[in-house]
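> my questions are about this predicted structure, shown below with the sequence.
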Number of protein chains: 2
Amino acid sequence: MTGRPSVSVAEQLARRQREISVSEFFLKNRHLLGFDNPRRALLTTVKEAVDNSLDACEEAGVPPEISVDITQLAERRFRIEVTDNGPGVVRAQIPKIFAKLLYGSKFHRLRMSRGQQGIGISAAGMYGQLTTGNPTRILSRVAHARQAHHIEVHVDTRRNAPAILKDVESEWRPSFPSLQSPGELVLYPHGTSVAIEMEAAYQRGRLSVDEYLRQCLIANPHLQLHYRITLAGKGDEANGEAAPPVTGEWISVARRSDVLPPLPREIKPHPHGVELGLLMQMLRDTEARTLRAALAQDFSRVSPATALAICERAGLDPKASPARIANREVEALFRALGETKLMRPPTDCLSPIGESLLMQGLQQEVKADFCTAVTRDPTVYRGNPFQVEAGLAWARPGEDETAATEEPVRVLRFANRVPLLYMAGGCAITRAIAGINWKTYGLAQPRGALPIGPAVILVHIASVWVPFTSESKEAIAHYPEMLREITFAVQECGRRLAAHLSRRRRQAEVERKRTYIETYIPHLALGLRQILNLTEREEQRAAAGLRKLLERTHLNT
Amino acid sequence: MTGRPSVSVAEQLARRQREISVSEFFLKNRHLLGFDNPRRALLTTVKEAVDNSLDACEEAGVPPEISVDITQLAERRFRIEVTDNGPGVVRAQIPKIFAKLLYGSKFHRLRMSRGQQGIGISAAGMYGQLTTGNPTRILSRVAHARQAHHIEVHVDTRRNAPAILKDVESEWRPSFPSLQSPGELVLYPHGTSVAIEMEAAYQRGRLSVDEYLRQCLIANPHLQLHYRITLAGKGDEANGEAAPPVTGEWISVARRSDVLPPLPREIKPHPHGVELGLLMQMLRDTEARTLRAALAQDFSRVSPATALAICERAGLDPKASPARIANREVEALFRALGETKLMRPPTDCLSPIGESLLMQGLQQEVKADFCTAVTRDPTVYRGNPFQVEAGLAWARPGEDETAATEEPVRVLRFANRVPLLYMAGGCAITRAIAGINWKTYGLAQPRGALPIGPAVILVHIASVWVPFTSESKEAIAHYPEMLREITFAVQECGRRLAAHLSRRRRQAEVERKRTYIETYIPHLALGLRQILNLTEREEQRAAAGLRKLLERTHLNT
């Protein structure tokens, strides 16, 4: 055992203390952001870029048209370029948006959007920089501008700040393949194009970019998409050099719906979802001059009259300056807020896909014998409005190869119209579906697991703030309110499926019996003819009579 | 469809862009840090405080003595106070260490320690502040100081910086219950005490503070621990007021080992674990004047001679200024580093628990019929050395109520001597154990799940950088190298268990036969006596002879 440490131990420790920049933190922990392996890195990058493009287009009221162009440069090196027809980004904001983690417009407001953290696209660029040393290249043109901006940036990870390597005016060249005149190109007057080079891997399948884009089209029927992947030839890999790339064909998908989803409204925090410490901070930061005004202005569902009643209940002066209220008084206010009945938060901040578009989307996934969808009413967790939708498609027997009858159902998960591919096991959606008793609805189900059957179940959660289990935003945390809503939505689909399956079983039974009768009645009639010595006409009459009789008795049992 | 957006859309978007402080980010996403419900908040706080205390004591070479004092103040409000006999914290560092996220001494060096992110204790204080409005209180005295510092801090979440509410000199009062003279107190000349008030819940069981502390003692036999929990009386809850607290008794546990684990050494990055982008940054940041010196000084396992060889292989001038090397040249250097054979990283940066202390610890958990442990040799992932240990204890039949024979085995997970309680399903340790074919070792095992049996399996991963699946550090990410090492360690335990179980089965068989013989031989002998008309002595001789004969034939089959 060592004795009393000299004072220098504490001082030595003190000298080593240092600030950790958020970039350094996520660079070392890049698996938290979805960059733990080369295949996932490719998907995460496409996902972050496409999500940003969709958000920007919708915010500007532009029907989104997006191209995703992936090129394999060497065995493990890819270039990903995503271009949109969105409103563009003003020059001054480009470096921070694309090369600073925790920077953005979506974190500080309560409104449904795909992005919410201000991390994604900068993290993708940072991963590219880590694995290839190359910067992120952005080309952007705002409407009515003479020129586009061409900017290249690194993340200065020590400071979590952009380092600008190139900043020039340039022509706006990005264009999309024309859907009307094949071979021609369409040039939009504005938009943004981002290109990143990184160590990556491409592989088809359930966790691929292809799957992500296909599901993206289900949840975003207003998206017009162009996708191209150019893989290096296989032949020359032995020499360490990739063969000249084999240019892929553009795959273009026209939008299914010309209607943009209504732009969700921004809301204020609801008093019942605000914690004590946050209330204290809101009162310190408010622009209102009186407590009453602060309550009415900064919260949703608090009218000036309600604000007055709350102040009285808390024993506080409604004209008091909000910043000067002591902590103990805020506690009284907090209790008064909790005890006051208030309308639930407004829900026009949400934009569900809707039952009919959901069913359309599902029918593109699977040749369905039966298809249904449910959009639940919005509800609230921790003060945040959210809304759950579910759809279920049952494959037509023998017609759909993708839907196996002996396998668990396939689950498509979405949050704010973004497909979630990884981490299915840790997601509240999977847990809710596995937690339902599917035997009630006529499906086999191993204990605590997904049910068995040729079905696709789709769940979409729309919220002003989706609680993800990690920064990579691939699984939803297990908040009880969310689990409950998902369960209710899927159960409703399950009940409808059960009705369909039992109808189908009855039809099959009828069919089976009819066939049986059709087969045996002539033999019976022939037998009767011999026994009773009937004429041919009598035999026919007997057969017809038997058929009627048997149909009546059998089919109604 | 809307037409061309006016320029103002891009500008409107630009105006809303803002920096998000890392505190704001984690406040909103507090489930990522382990503060998603009141019960877990209590555990996470104790855990972060105790981990910090253990790290500090070990670093100072002081055998750790720690007290954990939890007091229920109201139904949902708790005060958590953790005190250690560590080296103390110098005054200037206290605010940042306890009220700034991403600040610390452990992130930037490659050395095994419990903390690694510089988030934990500040996050606990921030959660306390959010739910009660109260600051974190720190009392700390460094050795040879006249007085202790009493500091109270908030996190200013907008700036992720400490806000100091109180900063005074004070007496150093914290003390521990004496283990020698019950009722007396021991006062150390230095140490740190941190107290946080928060919304929390206390509940016994597998995910409780009690369980965490018990497991902590298994992995830290040099820890001397005092634990007290004071719960509010139940009676007055109806009035909304807690009854006067019922002061709990101190539970004190003396250290099992007087030997401190050897202090792990800090190492430099190994060239084979460094990515291209990081290499570029290291060359920009190095203090060395030449490329050769930079390679030899900043990396582990690169001697000056090797550095020269690497420069030659890359076609670079060893005397070149590291900061001036162009990106393309760094790529050549990167390839040359990859192609050069190097010794694996040094492994004295790790501090395993050791097989004998592991077995001691396991035997405190379960009354063991059989107990074994394996410490594997260190190995490497992404350039980071790590080492896996596993232990297995099989309960004595009928004697241990905690170990049910029909239930899955119990798994104790540790990373750098810290027990992991939550998120077992998402952890590489659980996955590796469930991935082993336990039928080979004589255990039942549902497909893809943990084996069945009255056993406890313990796995400890020691690494200079543990890849956790989230900031709450409760589960280890699925790196293939880690999964493999865990599998090997547990399989070795499994093989030894199989040998033990088959020995036990043979013994049981012998026992069964002996009992059988003992039971029936007298009857046989009596029968013989009647048939052959034997005397009593002859009967006894016959019985003895039969016994010998039967034992010889039966027992050797």
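Perfect, thanks for sending it. In this text the structure is predicted, and so the values were computed from the model without any measurement. Residues are numbered from 1 along each chain as shown, chains lettered A, B, ... in the order given.
> all contacts plus neighbour counts: C-alpha atoms, from now on.
Noted.
> what about the residue in the stretch 51-200 of chain A positioned nearest to chain B, distance to B:Arg335?
Residue nearest to chain B within the stretch 51-200 of chain A: A:Leu130 (3.7 Å; Cα to the nearest Cα). Relative to B:Arg335, A:Leu130 is positioned 15 Å away (criterion: Cα to Cα, to the nearest Å).
> the two: which is more packed in?
The neighbour count for A:Leu130 versus B:Arg335, taken as other Cα atoms under 10 Å in any protein chain shown, is higher for A:Leu130 (24 against 15).
> the longest strand seen in chain A pairs with which strands, and in what direction?
If you go by DSSP state E, chain A has its longest strand at strand A:384-395. Sheet partners assigned to strand A:384-395 using DSSP bridges are listed as strand A:368-375 (antiparallel), strand A:379-381 (antiparallel), strand A:455-463 (antiparallel).
> report the distance from the longest one to the chain centre.
Here strand A:455-463 shows a centroid-to-chain-centroid distance of 9 Å under the convention Cα atoms, centre = their mean, to the nearest Å.
> what do you get for stretch A:344-354?
Taking mean C-alpha positions (Cα atoms, centre = their mean), stretch A:344-354 and its chain are 16 Å apart.
> and it, which residues are buried?
For stretch A:344-354, a neighbour-count test (16 or more other Cα atoms under 10 Å in any protein chain shown) marks A:344-354 as buried.
> ends of it, what's the gap?
Its first and final residues considered, stretch A:344-354 spans 22 Å by Cα to Cα.
> for the stretch 201-350 of chain A, give the residue positioned nearest to chain B.
Residue nearest to chain B within the stretch 201-350 of chain A (Cα to the nearest Cα): A:Gly277, separated by 3.7 Å.
> residue contacts, that residue?
Under the criterion of Cα atoms under 8 Å, 6 or more residues apart in numbering or on different chains, the contact list for A:Gly277 reads B:129-133.
> repeat that with 10 Å
A:327, A:330-331, A:334, B:126-134 (Cα atoms under 10 Å, 6 or more residues apart in numbering or on different chains).
> ok, now A:Leu392?
A:358-359, A:362-363, A:368, A:370-374, A:409-412, A:455-459, A:490, A:492-494, A:496-497.
> got it, and A:Ala294?
Applying Cα under 10 Å, 6+ apart to A:Ala294 gives the contacts A:282-283, A:285-288, A:302, A:304, A:307, A:318, A:321-322.
> from these, pick the one nearest A:Phe386.
For the contacts of A:Ala294, the residue nearest A:Phe386 by Cα to Cα is A:Val302; the value is 19.9 Å.
> and A:His366, what's its pLDDT?
I think there's a mix-up here, since residue A:366 is Val and not His. As summarised for this prediction, A:Val366 has a pLDDT of 87.
> quick one: it and chain B, what's the gap?
Separation of A:Val366 from chain B (Cα to the nearest Cα, to the nearest Å): 29 Å.
> ok, now A:Thr515?
43 Å.
> cool, A:Val46 as well?
Per Cα to the nearest Cα, A:Val46 is found 21 Å from chain B.
> you'd agree that residue is up against A:Asp69?
Yes. Between A:Val46 and A:Asp69 a contact is recorded at 9.4 Å, counting by Cα atoms under 10 Å.
> can you spell out the domain ranges of chain A, please?
A:22-253, A:271-339, A:355-488, A:502-555 (automatic domain parsing).
> out of these, which is closest to B:Ile229?
Closest of the domains of chain A to B:Ile229 is domain A:271-339, at 25.2 Å (criterion: Cα to Cα).
> distance between the ends of the closest one?
Here the two ends of domain A:271-339 are set 10 Å apart, with distance taken as Cα to Cα.
> that older thread, after the longest strand of chain A, which helix or strand is next?
As assigned by DSSP states H and E, the chain's next helix or strand after strand A:384-395 is strand A:410-415.
> for that following strand, packing partners?
Packing partners of strand A:410-415 (3 or more Cα pairs under 10 Å, 6 or more residues apart in numbering or on different chains; DSSP states H and E): helix A:209-219, strand A:384-395, strand A:418-420, helix A:428-435, strand A:455-463.
> can you list those in CSV and add mean pLDDT?
Compiled in CSV, the helices and strands packed on strand A:410-415 are given as follows (pLDDT from 0 to 100):
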stretch, mean pLDDT
helix A:209-219, 95
strand A:384-395, 94
strand A:418-420, 97
helix A:428-435, 95
strand A:455-463, 96
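> helices - which of the contacts of A:Ala294 land there?
Among these, the members falling in helices (DSSP state H) are A:282-283, A:285, A:304, A:307.
> pull out the buried residues from these.
By 16+ other Cα under 10 Å, the ones in helices among the contacts of A:Ala294 give A:282-283, A:307 as buried.
> show me where the stretch 1-150 of chain A has helices.
For the stretch 1-150 of chain A, helices defined by DSSP state H, counting those that start in this stretch occupy the ranges A:8-16, A:22-28, A:38-60, A:94-99, A:120-132.
> CA atoms only for the shortest one - export them in CSV, please.
So the one you mean is helix A:94-99. C-alpha atoms of helix A:94-99 as CSV (Å, rounded to 0.1, in the frame of the first residue of the first chain):
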residue,chain,number,x,y,z
ILE,A,94,-22.1,25.9,-46.6
PRO,A,95,-18.9,25.2,-44.6
LYS,A,96,-20.7,24.9,-41.2
ILE,A,97,-23.6,22.8,-42.5
PHE,A,98,-21.2,20.3,-44.2
ALA,A,99,-18.2,20.4,-41.9
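> from the chain's centroid, how far away is that helix?
24 Å.
> how about that helix and chain B, any contact?
Yes. Under the criterion of Cα under 10 Å from any Cα of the partner chain, helix A:94-99 makes contact with chain B via A:94, A:96-97.
> okay, the angle between the host helix or strand of A:Glu329 and helix B:120-132?
Element membership of A:Glu329, judged by DSSP H and E, is helix A:327-339. On the basis of axes from the mean of the first three to the mean of the last three Cα atoms, to 10 degrees, helix A:327-339 is oriented at 70 degrees to helix B:120-132.
> beyond helix A:327-339, next helix or strand please.
helix A:355-365.
> low pLDDT regions in chain A?
Across chain A, the ranges flagged by pLDDT under 70 are A:1-7, A:234-247, A:399-404, A:516-517, A:524, A:528, A:546, A:549-557.
> tell me which other helices or strands the longest helix belonging to chain A touches.
Identified as the longest helix of chain A according to DSSP H is helix A:480-532. Contact analysis of helix A:480-532 by 3+ Cα pairs under 10 Å, 6+ apart lists strand A:368-375, strand A:379-381, strand A:384-395, helix A:428-435, strand A:455-463, helix A:536-555 as its packing neighbours.
> could you say which of the ones you listed is packed most deeply?
Mean neighbours per residue, mean count of other Cα atoms under 10 Å in any protein chain shown, is largest over the helices and strands packed on helix A:480-532 for strand A:384-395, with a mean of 26.
> thinking A:Ala219 is in contact with A:Leu357, fair?
Yes. A:Ala219 is in contact with A:Leu357 according to Cα under 10 Å; the separation is 8.2 Å.
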